[in-house]
Structures are given as C-alpha cells and as structure tokens.
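1. Return a 3D structure for these sequence lines:
(one chain, ligands or ions: 1)
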Amino acid sequence: MYACLWMHDIGCVPLGDWVSPPFEGRGVGEGPWLIFPEKISALILFFARFALTLQRMMENLEGEKHRQGRIEVICGSMFSGKTEELIRRLKRAKFARQRVEIFKPAIDTRYSDEDVVSHDQNSIQSTPIDSSSAILLLGADIDVVGIDEAQFFDNGLVDVCNQLANSGVRVIVAGLDMDFQGRPFGPIPGLLAVADEVTKVHAICVRCGALAYVSHRLVRDSRRVMLGEKMEYEPLCRDCYQKALEQERALAKDK
Ligand code: ZN
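-> I've put the predicted structure just below:
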C-alpha cells in the first residue's frame, strides 16, 4: 500500500488510469505502471537518494565489522569538531559491544580530569596519561583505542599507534594539525604519514565565514602550548590569518 502511494507521489499512475477513467474500488497498485515524462527527474532523484542511503548503511556496517588494525586520524583547527567526531566513532564502537579505551594527555584538564569533552559538552570517559608509552601498557585486550588532543603527546605516539594497529587494534586519533603559528604540531604530522585514513575537519572563519584552517591566538603569549578556549583562540581562514598577523606586526611597530 505504501509503495503504491509512493509510486503516486513520484508521478506514476497505473496504466488503467491512463487508458480508461479510474473507477471507485479498484486497487491503486493494479496494472502495469506508466510514468509521466515530466516526473522522470523525480524518479531519478529518488533512486539516487536510495543508492546514497544504501551506500552509507554499507559503510556503517563495514566500519563496525572491519576489525583489522588500522589508524584513523581526525585533524583540524580548534572548534572544527575533531573531538565530536572522535566521540561519535567511539560511541558507535561501544554500541557494537567492542572493547574501547580512550586516552588523553594529563596536561589537558580544561573541562574534566577524566572525560574527553568536546566544546559542546558531549563527553566520554577517558584515562589521562603522561606518556604515549602508557597506552601500550593500559591498552591490552581491547578492540578500539581512542586518543584525544594527540598534539600534546610525545613523538613516541607514532610508534605506539603503529604497534597497536599492527596487532589488530583500530586506533582513532584526534588532534590539532597546526599550532597557533601555523606550524605542524607534535606527533600529528608523523601520524598523518602512517594513517590508513585521514579526516581533516574545518571550523568556520569567524571573520569572513570561509572554511578556517588555523587557530589564531588572541592573547599575547609565545608559549607553544597554552590551553585555551574561545577567549584565547579564534578559527581563521588563510587570508584572514595573514591579515591578522599583519595587523599585529603593525601594532607592535607602533609601540
Ligand atoms: Zn576568513
């Protein structure tokens, strides 16, 4: 019945309607279907959407069934949704009853000591650690390892992730690809090189609305690691970032 109504929605009628006046009581779906030419585009659109939905379903199934070790890196500037994407993948794995462990650098205590928390307060429980080598000790007998704020870890993280993936673990790493000066950050470049899959996410430039690529520091502090939030950093596109640097240089000259 629904299929019949749906066929009507996209512009198809039973051939009986075409060759003779419809009469009450006849089933909507009876007879061969005739498609009005002007409705063909709606039909093509429907099948395109159906194919896309099917493809996404297959991808989801593949993601959860595919238990071979691999490294996935989610990188981008601040406020680009890295942690949200990490949490989404980890929660999905948990839902599939996979054994999941999440680690974050002990240095990052902006929101919670033991939770990985995104800017929109979505959270998942994690273990704070000081060194990447602790992941190998604490990550035995698990299916999926999540690592947040990976840029703050030592460069040994690349080898740790490789070892885990080689032993069949799915490793999902999220981190800033660049520091506030636009330089590749910590172990992220090395992780990008060895990753099986890289997802670069983007914030929106707060000055022009284009896709942002870097986290511009709003306060004067030359330390590479300075934990902060919206008061301290803003996502900027390449053009606006260059303009901001020029303004800062001009201001410094005037002083
Ligand atoms: Zn911009």
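2. going forward, measure contacts between C-alpha atoms and count neighbours the same way
-> OK.
3. Can you name the residues of the stretch 151-255 of the chain that neighbour the ion?
-> Applying C-alpha under 5 Å from the ion, we find that the stretch 151-255 of the chain lies next to the ion at 205, 208, 237, 240.
4. Can you convert the residues you listed into CSV and add a column each for neighbour count, pLDDT and secondary structure?
-> Listed next are those as CSV, based on neighbours: other C-alpha atoms under 10 Å; pLDDT from 0 to 100; DSSP: H, G, I helix; E, B strand; the rest coil:
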residue, neighbour count, pLDDT, secondary structure
205, 21, 97, coil
208, 12, 97, coil
237, 22, 97, coil
240, 18, 97, helix
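5. Format those as TSV; extra columns: distance to residue 183.
-> Listed next are these as TSV, based on distance: C-alpha to C-alpha, whole Å:
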residue	distance to residue 183
205	18
208	22
237	15
240	17
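6. now residue 170: how far from residue 159?
-> Distance, residue 170 to residue 159, using C-alpha to C-alpha, to the nearest Å: 14 Å.
7. can you tell me which helix or strand the residue nearest the centre of the chain belongs to?
-> Nearest to the geometric centre of the chain sits residue 85, at 3.7 Å (C-alpha atoms, centre = their mean). Under the criterion DSSP states H and E, the helix or strand holding residue 85 is helix 82-95.
8. if I look at residue 127, how far off is residue 95?
-> Using C-alpha to C-alpha, one gets 19 Å for the distance from residue 127 to residue 95.
9. Residue 241 now?
-> Separation of residue 241 from residue 95 (C-alpha to C-alpha): 40 Å.
10. neighbour-wise, which of those two wins?
-> For the pair residue 241 and residue 95, the greater number of neighbours falls to residue 241 (22 against 11), based on other C-alpha atoms under 10 Å.
11. Return the nearest residue of the stretch 1-150 of the chain with respect to the ion.
-> For the stretch 1-150 of the chain, the residue closest to the ion is residue 77, as judged by C-alpha to the ion, at 13.4 Å.
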